[in-house]
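> sequence unavailable; structure follows:
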């Protein structure tokens, strides 16, 4: 026994090194590295050295330390790693910390630079517990993917070659990147010493942290602990970076345990199920006091440190945006408070919400008889008035009243937060965090929020971007429009992941929209070598600009209040119009205020309903010299009030069967043509209701399969030689929820078959020459029954038709010929439009165009171009807009030049300037 104790004492001296050699199976001393689950490893050989690689679909390498071989714990540990420096990226470390969680993030980070060499690095794990609380009974883990490691050592004494931060900062010199003047570029979330220096080299101006109320006061009321954020501030001050604290209170994960469990907590209650969430209701009368107290405590500690670039406000919702709970129910926000009820829907079922709604309706109508007349109800008094699901509203007017109140409540709550923050931060820039789109279920009215917080000198950060430029544009543009109109500022943030092309698209959208701030989560840029290259190439374009925007689209908020399914179709059409022309997204508040004098033409899309005051604002704007362009609906109304009164005298009367849009093939008509739906090559060939590009898991045998979901009425436009019979091939997936519908397939109005099976199927339909004769373009129309995933337990409120992967049209017997490009160009018959569609009104005019094949995007886009070129509308200046078609080339006019984004796979030269594929360039005016 004495000999054993002596041996253990010898092994446990501070200088002892525990190790594992991953190049030699079984060679280890006190360390174990399992390979399973989210820590799966692959045996590999890199640069002549055997090693283990973290599997690409895993994310971790776990390490178990034999605690018997260490001195008394907790203690400081140093982990020395030999890794292959294959690309630019980060290796984080989560470890079992004695005074923290089992997955506490280490401040040190290994920063890979892509040198193509085996390199050593050392990270510090202070106060390590070594108690096997991580997965697989381990003590710490590498957080990375597709990284090769050949040796790991653990030391209980600081080695002589240790560099604080985990990486030598001199290595970052080759990454020096400059952004333009006037922009704030923030990376999230948090940064250790090494990361901070890397970010500084990349031109980043600030780091964002989720400074929730829970992180500062979780141990009990008044037991403030700012140590986590003190440490972060010290790191940023040492690196010369600024800080963007995301101040969050109200979301379930952001509230201290003692508050969540107290009788002061009053969560949202949904109207769908009558169940509470764990997100605090904005109607909770206790909450403003606690928000004010939290903001004041934070300000007292950090306001005067000189490190804050701006504060971001997380006021409610799941993550902190100024929107109501919207799922997902099993997301990471349940890690701290535990599982809770959470879904897209309406959250106005708590007692305080009901009381507020009742008070608002009392103020609006004054007496119950007036409300009953408006709502077609028979209440005896206001005590009977309660909140309801919009779909169950007793009348359209009641539905609009409820929706407006629901949105106003969120705006009022956001303003309260801004007001309280300004009290504690008199001179600090403030951003209100908002997100999603403007589906009424979410509760955000972007224009109202901007108008109400602008007097406090506050702006908006919107958190909904992805990788597709056109869709990023349309879901951020109203924030950009409104903040410029009300003389404040905005910033953009991605909802989650961003691909390498999306890195460029986001730079373009921010600078071309006049944003002041751009946020990336660090993996968006550092996760892939191509993303880093794209960022460094195009970051210099990121500068403060003022766009000159002469067109607008009207945001039909009354329509959305009555039918929120139209929100998605509006954004889809708007995204297609953006390829024709740059535009503002404006509502009645902006149109009536005359705050955007550069706007000369406004388009109406999906605007079935409008209040009388909205129509009068349009009429006055047109009379002052504007041009209002609309497409007549195939069915239903245009600008009717909730009571069903249709606007009169605004537009010309259209004759039946008028057709003003023409589609033309580009080049000789092909004998075999196809479109890979969901790929960039589908641009310009789709009409009607289509949703954004997605991957196609419905076709597992097709590598890299993509798709788009159609709506009820979607078309594909293909050029074709019409001299013989043809064959149409469709690769389509139908859901079991709509496969029993009519689901007709038509070619130029001729029904040729039906989509009659659920699942993925390759359909082959004969197309008679009679369906093609006299036409240079075949319109392949899918007239299908739709289904809503949300109604079947899925978090998706879209109305979906068919998932389409491939559409092919060819002559009989030509299926082995090479596929030719499906180039199609659209145009307007301007003489016919002038003759039949224009109505002068004061100094301006309205233009009502007939419905065309598919949606309104081509018709509206072409009409806007014609107005800006002086070919339609009142005689006036031609603005010479340089763009002209759905070609994947996007132009923005600024006060200095044109800024152009090329989203195609090939470079283009415009006005003597080459714009790289998926790149940005400045073009002279």
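Great, that's in hand. Quantities reported herein were computed from a predicted structural model and do not represent experimental measurements.

> quick one, what contacts the spatially closest residue to residue 374 that is not a sequence neighbour?
Nearest residue to residue 374, sequence neighbours excluded (C-beta to C-beta, 6 or more residues apart in numbering): residue 397, at 5.0 Å. Just so you know, the C-beta spots here come from the backbone N, C-alpha and C atoms, and that holds for glycine as well. In this structure, residue 397 makes contact with 374-376, 642-643, judged by C-beta atoms under 8 Å, 6 or more residues apart in numbering.

> so which residues of the stretch 301-450 of the chain form strands?
Secondary structure of the stretch 301-450 of the chain (DSSP state E, counting those that start in this stretch): strands located at 311-314, 430-434.

> what lies in contact with the last one?
The set of residues external to strand 430-434 that reach it, using C-beta under 8 Å, 6+ apart, is 246, 310-315, 320-323, 414, 417-418, 421-422, 444, 446, 449, 453, 456-463, 479, 490-491, 517.

> how far off centre is that strand?
Strand 430-434 has its C-alpha centroid displaced from the chain centroid by 16 Å (C-alpha atoms, centre = their mean, to the nearest Å).

> same check on stretch 132-150?
The answer for stretch 132-150 is 31 Å, by C-alpha atoms, centre = their mean.

> buried ones in it?
Using 16 or more other C-beta atoms under 10 Å as the test for burial, stretch 132-150 gives 134-136, 138-145, 147-150.

> which one of those residues is nearest residue 113?
residue 147 (13.0 Å; C-beta to C-beta).

> quick one, phi psi at the closest one?
phi -120, psi 140 (degrees, to the nearest 10).

> again, but for residue 461
The phi/psi pair for residue 461 (degrees, to the nearest 10) reads phi -110, psi 120.

> what sits against it?
For residue 461, the contact set (C-beta under 8 Å, 6+ apart) comprises 312, 431-434, 490-493, 517, 519.

> now with 7 Å, please.
For residue 461, the contacting residues are 312, 431, 433, 491, 493, 517, taking C-beta atoms under 7 Å, 6 or more residues apart in numbering as the criterion.

> for the residues you listed, give me JSON lines that also has neighbour count and distance to residue 565.
Shown next, in JSON lines, are the contacts of residue 461 (neighbours: other C-beta atoms under 10 Å; distance: C-beta to C-beta, whole Å):
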{"residue": "312", "neighbour count": "28", "distance to residue 565": "32"}
{"residue": "431", "neighbour count": "27", "distance to residue 565": "31"}
{"residue": "433", "neighbour count": "26", "distance to residue 565": "27"}
{"residue": "491", "neighbour count": "28", "distance to residue 565": "30"}
{"residue": "493", "neighbour count": "25", "distance to residue 565": "27"}
{"residue": "517", "neighbour count": "25", "distance to residue 565": "33"}
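
> okay, those in JSON lines with pLDDT and distance to residue 617 next?
Compiled in JSON lines, those are given as follows (pLDDT from 0 to 100; distance: C-beta to C-beta, whole Å):
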{"residue": "312", "pLDDT": "99", "distance to residue 617": "33"}
{"residue": "431", "pLDDT": "99", "distance to residue 617": "29"}
{"residue": "433", "pLDDT": "98", "distance to residue 617": "30"}
{"residue": "491", "pLDDT": "98", "distance to residue 617": "29"}
{"residue": "493", "pLDDT": "98", "distance to residue 617": "32"}
{"residue": "517", "pLDDT": "98", "distance to residue 617": "31"}
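
> count of neighbours near residue 82?
19 (other C-beta atoms under 10 Å).

> would you mind measuring the gap between the ends of stretch 615-634?
In terms of C-alpha to C-alpha, to the nearest Å, the two terminal residues of stretch 615-634 are separated by 21 Å.

> how far out from the middle of the chain is it?
Centre to centre, stretch against its chain (C-alpha atoms, centre = their mean), the figure for stretch 615-634 is 31 Å.

> contacts for it, please.
By C-beta under 7 Å, 6+ apart, stretch 615-634 touches 588, 591-592, 600-604, 608, 638-639, 647, 650-651, 654, 841-851, 856, 859-860, 863-864, 867, 873-874.

> all the strands of the stretch 101-250 of the chain, residue numbers only.
Counting by DSSP E, counting those that start in this stretch, the segments of the stretch 101-250 of the chain that form strands are 104-105, 110-113, 118-128, 140-143, 148-155, 184-188, 206-212, 242-248.

> just checking: what are the partner strands of the fourth one?
So the one you mean is strand 140-143. Sheet neighbours of strand 140-143, with direction, are listed as strand 60-65 (antiparallel), strand 88-95 (antiparallel) (DSSP bridges).

> kindly report the same for the first one.
According to DSSP bridges, strand 104-105 has the following sheet partners: strand 88-95 (antiparallel).

> mind checking how far the partner strand is from the chain centre?
Once both centres are worked out by C-alpha atoms, centre = their mean, strand 88-95 turns out to sit 26 Å from its chain's centre.

> about what we covered before: export the strands of the stretch 101-250 of the chain to JSON lines and tack on mean pLDDT and distance to residue 56?
Listed next are the strands of the stretch 101-250 of the chain as JSON lines, based on pLDDT from 0 to 100; distance: least, C-beta to C-beta, whole Å:
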{"stretch": "strand 104-105", "mean pLDDT": "92", "distance to residue 56": "22"}
{"stretch": "strand 110-113", "mean pLDDT": "92", "distance to residue 56": "15"}
{"stretch": "strand 118-128", "mean pLDDT": "95", "distance to residue 56": "20"}
{"stretch": "strand 140-143", "mean pLDDT": "96", "distance to residue 56": "14"}
{"stretch": "strand 148-155", "mean pLDDT": "96", "distance to residue 56": "12"}
{"stretch": "strand 184-188", "mean pLDDT": "96", "distance to residue 56": "24"}
{"stretch": "strand 206-212", "mean pLDDT": "98", "distance to residue 56": "28"}
{"stretch": "strand 242-248", "mean pLDDT": "99", "distance to residue 56": "31"}
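
> can you lay out these as TSV showing distance to residue 537?
Converted to TSV, the strands of the stretch 101-250 of the chain look like this (distance: least, C-beta to C-beta, whole Å):
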stretch	distance to residue 537
strand 104-105	30
strand 110-113	17
strand 118-128	26
strand 140-143	27
strand 148-155	27
strand 184-188	15
strand 206-212	22
strand 242-248	25
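
> which SS class is the residue lying closest to residue 758 once chain neighbours are set aside?
Computed as C-beta to C-beta, 6+ apart, the closest residue to residue 758 that is not its neighbour in sequence is residue 739, at 3.9 Å. Per DSSP: H, G, I helix; E, B strand; the rest coil, the local secondary structure of residue 739 is coil.

> can you pull the pLDDT of residue 739?
On the pLDDT scale, residue 739 is placed at 92.

> let the chain start at 19 from now.
In the new count, where the first residue is 19, that last one comes out as residue 757.

> is it correct that it is in contact with residue 772?
No. Using C-beta atoms under 7 Å, residue 757 makes no contact with residue 772, being 10.2 Å away.

> which of the two has more neighbours?
For the pair residue 757 and residue 772, the greater number of neighbours falls to residue 757 (19 against 15), based on other C-beta under 10 Å.
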